[in-house]
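> sequence and predicted model, in that order:
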Amino acid sequence: MAFTIAICSQKGGVAKTTTTLSLAGALAESGRRTLAVDLDPQGNLTLGLGFQPRRFQHTLADVLLNAVDASAVIVPSTVEGLHLLPAGKPLQLAERYLPSRPHYQHTLKNALHPQNADYDYILLDCPPSLSVLTANALVAAGLALLLTQAEYFSAYALKPMLQTVQAVRERHNPSLVYRILLTMFRRRNRAHRIIRGRLEATFGSGLCRTVIETDTKLREAAIAGMPITHFASNSRSAGQYRDLAQELVAYVEKESVQPAA
Ligand SMILES: Nc1ncnc2c1ncn2[C@@H]1O[C@H](COP(=O)(O)OP(=O)(O)OP(=O)(O)O)[C@@H](O)[C@H]1O
Ligand SMILES: [Mg+2]
C-alpha cells in the first residue's frame, strides 16, 4: 500500500519541484517503488525528469477530467524504480472544470487508488497556489510536506497553508499530518539562523530535522533531467535529500506498525 506525500506551498520558487525530484530519487535509490505526480500545469517536474510535456498524448489532465486510466499515462523515468505521471498545459483546465463536479476534491485520490498496490511512495508536486489541484493533493495524501525558505515572507506564508491543511483534515482527510521542511538554507546567514530558531520554537517536531541547504548542483541536475541523487551522487544536497528520505520513511514505517488509536 503506497504512502502519499504532497509537496506544497502556495509560495512560488521554494523548491517544491526540486524536492519532489530529489526525494523521489532518494526513495527509488533505496529500493522503494516510487511514483512522482506532476500536479503543476507548468510541467516542471516532467521537464526535470527529462521529458517534454508536449510529447505526451495523455497527461494528468486526461486522468482528472476525462477518466483516462492513470496506468495508461504513467511512464518509467531513466531512474530505476521511479515512474512519472506527467503534466502539461491542459491541466489548467482542471482548475476551471473540476469544481463543477460533485466531490471534486476526491478526484485525484480516486484516480490514484489502483496505483496504491504498485508503489511504496507516491509524491505529489503541487502548483504554487492553494488551488483545486493542491486541495486534491491534500485529500489524497497521508502527509503534507510544507516547504519554506528561511525568509520572513516565506515563513509567514505557512499560516494560510496550515489553515488549508486543517480545513482539509476536518472536511475530507482526518488522517492528514504535516511536516515543515526548510529549503535553500544558508548556515552563514544570520537572518536564516534566526528564522530557523523561530520555526523550531513554534513547530517543534513538526519541523523536519533535515534542512536542505543551497547548492547550485540542484539547478544543474534539473537541466540534466535527473534527480540530484543520480546526477551528483556525492554532493551535499544529495546527502541531505537522502537524510530527508530516511527521516520520512522512519516516520511512515513507525506509523504503519502502530495500531490506530
Ligand atoms: N537547495 C537549493 N539550492 C539552490 N537552488 C535551488 C535549491 N532548491 C531549488 N533551487 C532552485 O530554485 C529554483 C526554484 O526551485 P523549484 O522550481 O524547485 O521551486 P518550486 O517551488 O517548485 O517553484 P514553483 O512554485 O514555480 O513550482 C530552481 O531554479 C531550482 O533549481
Ligand atoms: Mg514547481
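Received, thanks. Ligands and ions are numbered 1, 2, ... in the order given.
> for the nearest residue to D215 once chain neighbours are set aside, give me its contacts.
In this structure, D215 finds its nearest non-sequential neighbour in S237, 3.8 Å apart by C-beta to C-beta, 6 or more residues apart in numbering. For glycine as for every other residue, the C-beta is placed from the backbone atoms N, C-alpha and C. For S237, the contact set (C-beta atoms under 8 Å, 6 or more residues apart in numbering) comprises S22, I212, E213, D215, K217, L218, I228.
> before we move on, what about Y104?
So Y104 contacts L98, V132, N136 (C-beta under 8 Å, 6+ apart).
> helices - which of the contacts of S237 land there?
Under the assignment DSSP state H, these contribute S22, K217, L218, I228 to helices.
> still on that earlier bit, out of the contacts of Y104, who's near ligand 2?
Counting by C-beta under 5 Å from the ion, nothing from the contacts of Y104 sits close to ligand 2.
> hang on, the residue nearest to D215 in a strand?
No: assessed with DSSP: H, G, I helix; E, B strand; the rest coil, S237 is helix; it does not lie in a strand.
> sec struct for the residue of the stretch 151-261 of the chain found nearest ligand 2, please.
Nearest to ligand 2, among the residues of the stretch 151-261 of the chain, is A222, at 10.1 Å (C-beta to the ion). Secondary structure state of A222, per three-state DSSP, is helix.
> what is the burial count for E213?
Using other C-beta atoms under 10 Å, E213 is surrounded by 15 other residues.
> kindly report the same for E170.
10.
> which element is it on?
helix 158-171 (DSSP states H and E).
> that helix: which residues count as buried?
L158, M161, L162, T164, V165, V168, R169 (16 or more other C-beta atoms under 10 Å).
> likewise for stretch 236-252?
S237, A238, G239, Q240, Y241, R242, D243, L244, A245, L248, V249, Y251.
> got the contact list for the residue nearest to the fifth one when sequence neighbours are not counted?
If I follow you right, that is Y241. Residue nearest to Y241 in three dimensions, not counting chain neighbours: S22, with 3.9 Å by C-beta to C-beta, 6+ apart. Shown in contact with S22 (C-beta under 8 Å, 6+ apart): L218, A221, P227, I228, T229, S237, A238, Y241.
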